[in-house]
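Asker: Next input, structure requested:
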Amino acid sequence: MTASSRRVRVALGVVVAGVLGLSACSTGTTLPPTPSSSVTAAPVEHLDEVTVHRFDYPTPDDGDSEQNWAELYLPAGEQRVDTIPLVVLIHGGAWQSALGADVFEPLARDLADRGMAVYNIEYRRVGSGGGWPTTFRDVASALDHVVVVDRQFPQIDTDDELVVGHSAGAQLAVWGGTRHKLDDDEVGARPLFRPTRVVSLAGPLDMTYAATHGDDRIVTALGGTPAQVPQRYTMVDPIQNIDPDTPVVAVHGTADRMVAPANSQRYVAAVVRDGGDAEAVLIRGGNHGSVVTSTAPEYPRILDIISGASAADVQDVA
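Answerer: Below is the predicted model:
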């Protein structure tokens, strides 16, 4: 790990605000609404294996129970309050419905095996009721639902947490770390949950650059080009919403032909110019999908990068 990576690991920010009482489902059982002042789940001292719990998260509209959900992976071992670092995963797929959260199941289990709680979210995409602004509102809602999950599973630590995204999910993850900078009338504003660090895997972090260099998937997701709908790009383009206090590691394969590595490099350069903490990690020979493929040779390094940016590792070196 480079010195710059270590700085990302050590940098801390703590902002978690707000509470909402909503229904959740865990291992197939529907639970009653959670009062804002209580925890519904009885404390569990130890787990013998990784367990998975599914939640339906609410949205500003009626939502879609088949897509507006997230799964929490709890690691085996002791389950003491506020001791298990949280990692949120946001899958990619060009904001389109062809890929879903199940593609991140191997990654979620591998991270849980490393002692992390993993919150893997699903959301509506283009072709399944998503697009502008629904996809972005869904992801914001799923992130904000973490405060409810924390009440039911108090062993997870939500004071200092990491969000990881791949491809379109990386754009959503980095944007999710800067929603507190949005104006009140912008999509995703006034977050209840704020990530303190982000790892981007092959992310289009300069959406205007990508859209004007042949990425029509962004144009479809936002419903127009930067010239046609500039306000939408202003709201969700990571490079236009930099928070110097949110460390970012931008990982990119040098052989990526779907999202050019220049996206990560341009974003990191902009963050550094703003006095922030960011690093571009180029994976020699890696392509767009290999950085999240468990059988790829670079996959162990990706696990190490995520682990190195987690709250657990930050605490170890602090």
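
Asker: Can you tell me how far the residue nearest to G203 when sequence neighbours are not counted is from G115?
Answerer: Once flanking residues are discounted, G203 sits nearest to A170: 2.6 Å by CB to CB, 6 or more residues apart in numbering. Yep, even glycine has a C-beta here, placed from its N, CA and C like the rest. A170 sits 24 Å away from G115, going by CB to CB, to the nearest Å.

Asker: same check, this time on G224
Answerer: Taken as CB to CB, the span from G224 to G115 is 44 Å.

Asker: how about the strands in the stretch 1-150 of the chain?
Answerer: Ranges of strands in the stretch 1-150 of the chain, per DSSP state E, counting those that start in this stretch, are 25-26, 29-30, 46-47, 51-56, 69-74, 77-78, 84-90, 117-121.

Asker: Of all these, which one is nearest R179?
Answerer: Set against R179 and scored by CB to CB, the strands of the stretch 1-150 of the chain come closest in strand 84-90, at 13.2 Å.

Asker: by contact count, what packs against that closest one?
Answerer: Strand 84-90 is packed against helix 105-113, strand 117-121, strand 156-166, helix 168-176, helix 311-317, with contacts defined by 3 or more CB pairs under 8 Å, 6 or more residues apart in numbering; DSSP states H and E.

Asker: Taking helix 105-113 as reference, get the angle to it.
Answerer: 170 degrees (axes from the mean of the first three to the mean of the last three CA atoms, to 10 degrees).

Asker: what lines up beside strand 84-90 in the sheet?
Answerer: With DSSP bridges as the test, strand 84-90 is paired with strand 117-121 (parallel), strand 156-166 (parallel).

Asker: Any chance of these in TSV with mean pLDDT as columns?
Answerer: TSV is the format used below for these (pLDDT from 0 to 100):
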stretch	mean pLDDT
strand 117-121	98
strand 156-166	92
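
Asker: which of these sits most buried?
Answerer: Of all these, strand 117-121 carries the top mean neighbour count, a mean of 28, counting by mean count of other CB atoms under 10 Å.

Asker: Check the offset of it from the chain's centre.
Answerer: 9 Å (CA atoms, centre = their mean, to the nearest Å).

Asker: do stretch 170-187 as well
Answerer: Worked out by CA atoms, centre = their mean, stretch 170-187 lies 12 Å from the chain centre.

Asker: Next: stretch 150-169.
Answerer: On CA atoms, centre = their mean, the centre of stretch 150-169 falls 8 Å from that of its chain.

Asker: thinking again about what came up before, out of the helices and strands packed on strand 84-90, which is closest to V249?
Answerer: That would be strand 156-166 among those, by CB to CB, at 9.4 Å.

Asker: Can you check what angle separates that closest one from helix 168-176?
Answerer: Angle of strand 156-166 versus helix 168-176, following the same axes, to 10 degrees, is 130 degrees.
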